[in-house]
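Engineer: Dropping the sequence and predicted coords here.
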Amino acid sequence: MSNSSEPTSPLPLLHAALPDMFANLQTAYAELTRTEFELERRAAELEEARDLFQQVIESMSEALFLMDRTGRVLRTNRAAGTLLDCDSAALAGRPFEQVWGNHEIPTTPWRLLERAPNGKLTNLDVELRRSAGRVIPISISCGLVRDKRGKVTGVLAVARDITDRKRAEEERARQAQELARQAEELARSNADLDQFAYIASHDLREPLRTVASYTQRLEKLYQGQLDAVANDCIDRVIKGARLMDRLIDDLYTYSRVGRQGNKVPTDCSAIFAAVSANLKAAIEEAGAAVTAETLPIVMGVETELVRLFQNLIGNAVKFRGDRPIQVHVGAQRQGDDWLFSVLDNGIGIEPQYWKRIFGIGERLHSKTKYPGTGFGLAICQKIVEHHGG
């Protein structure tokens, strides 16, 4: 009787394992397909991002230079070629210092850190010598480039042509110089005007008063002995001297507007009260009714505002018709400003004369009917302009 047994066949075991193996293969294939699809999708996104990045840097008006740790140019854009007057593709792989030719610019991380320990240099103005030999001003900014671990891998430089800015700066400097020259001329003119005003108000008045004084003495000495023609001549000389004295006074006043006193808070109601008192005799003689609203406090030179109100109210009282004169002073707020008005029912001014009447010495009426020097409204205009009107 034999105890040996026949060997067991593996086929049944393999047959039993085949379904699981096939299922595992299907799962692995599906996972591989998904992974491949995801890789393709990410590759497409990366390509799209790369294209977008390329479009962005190519559309920049600033020249861009990406350099490695040694200062070798890795990448540029179209603006870089335009700036350097060459093909931008020819710049890749060349040392930046050779491309640029200006040793002021830090081209490696180490040089940049020497110039700017924080790893960033902004708006360094340098000169660029182009291939044609023309030198143009450039503003360049540099920064360190790091990988995701923070390791320094290179330098990014952005440069722009600042020719227009430099021209604008030069023009501003030229204008500032011209303004300084004009200010100096104005200072000289003002000094001359001060001297003229002093001469007009003092030196010219002295001989004028002498003429008037001696003419009046002649009138008294020969009173009753001169004929009508001589008396008329004497009268004209005296009146002319008085008018000249007033002209000198008004000319001096005009020349001093804006040149004396500081602007301080000034109560215009108090100004109106003072002017009304000054003009009391003329107001009563004309039978005028002069009124005012409650007027504001403004920043102004008190003496000039008194002159302004007095000239305007005085004109309203003087240039009146046959009916009783009424004068009213008002003020309205307009933003940060005040709009003042002096209204009257006098003879008025025709529109075609509105500009002319503010000229120095301008008159619309004869001196016999309405005496004066013609300086009143010119002085008013200058005072208003000095106060921002």
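Structural biologist: Thanks, I have it. Residues are numbered from 1 along each chain as shown.

Engineer: where in the stretch 201-350 of the chain is pLDDT low?
Structural biologist: Scanning the stretch 201-350 of the chain for pLDDT under 70 picks out 201-203, 255, 350.

Engineer: Which stretches in it count as strands?
Structural biologist: 264-267, 289-292, 297-300, 326-334, 337-344 (DSSP state E, counting those that start in this stretch).

Engineer: Rebuild these as JSON lines, extending it with mean neighbour count and distance to residue 389.
Structural biologist: Any C-beta I mention is one placed from the backbone N, CA and C, and that applies to glycine too. Listed next are the strands of the stretch 201-350 of the chain as JSON lines, based on neighbours: other CB atoms under 10 Å; distance: least, CB to CB, whole Å:
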{"stretch": "strand 264-267", "mean neighbour count": "14", "distance to residue 389": "14"}
{"stretch": "strand 289-292", "mean neighbour count": "16", "distance to residue 389": "18"}
{"stretch": "strand 297-300", "mean neighbour count": "16", "distance to residue 389": "10"}
{"stretch": "strand 326-334", "mean neighbour count": "15", "distance to residue 389": "11"}
{"stretch": "strand 337-344", "mean neighbour count": "15", "distance to residue 389": "8"}
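
Engineer: could those go into CSV alongside distance to residue 88?
Structural biologist: CSV is the format used below for the strands of the stretch 201-350 of the chain (distance: least, CB to CB, whole Å):
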stretch, distance to residue 88
strand 264-267, 66
strand 289-292, 76
strand 297-300, 61
strand 326-334, 59
strand 337-344, 58
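
Engineer: Looking at those, spot the one closest to residue 99.
Structural biologist: Residue 99 lies closest to strand 337-344 among the strands of the stretch 201-350 of the chain, at 59.5 Å (CB to CB).

Engineer: on that earlier part again, out of the strands of the stretch 201-350 of the chain, flag the one nearest residue 252.
Structural biologist: Residue 252 lies closest, by CB to CB, to one member of the strands of the stretch 201-350 of the chain: strand 297-300, at 20.4 Å.

Engineer: quick one on the thing from earlier: figure out which of the strands of the stretch 201-350 of the chain is closest to residue 257.
Structural biologist: Nearest to residue 257 among the strands of the stretch 201-350 of the chain is strand 297-300; the distance by CB to CB comes to 12.0 Å.

Engineer: Which neighbouring elements make contact with that closest one?
Structural biologist: Counting contacts by 3 or more CB pairs under 8 Å, 6 or more residues apart in numbering; DSSP states H and E, strand 297-300 is packed against strand 264-267.

Engineer: ranges for the helices of the protein?
Structural biologist: With DSSP state H as the criterion, the chain has helices at 11-59, 78-84, 96-100, 109-115, 163-198, 205-221, 228-256, 268-278, 280-286, 302-318, 376-386.

Engineer: what's the closest of those helices to residue 332?
Structural biologist: helix 268-278 (12.7 Å).

Engineer: Name the residues of the closest one that are buried.
Structural biologist: 268, 271, 272, 275, 276 (16 or more other CB atoms under 10 Å).

Engineer: Not counting its own residues, what contacts that helix?
Structural biologist: Residues from elsewhere that reach helix 268-278, judged by CB atoms under 8 Å, 6 or more residues apart in numbering: 283, 290, 292, 294-298, 302, 305-306, 309-310, 313, 329, 331, 340.

Engineer: which ones are touching residue 163?
Structural biologist: Contact partners of residue 163, counting by CB under 8 Å, 6+ apart, are 136, 137.

Engineer: Could you report the pLDDT at it?
Structural biologist: What the model reports as pLDDT for residue 163 is 90.

Engineer: again, but for residue 363
Structural biologist: For residue 363, the predicted pLDDT is 60.
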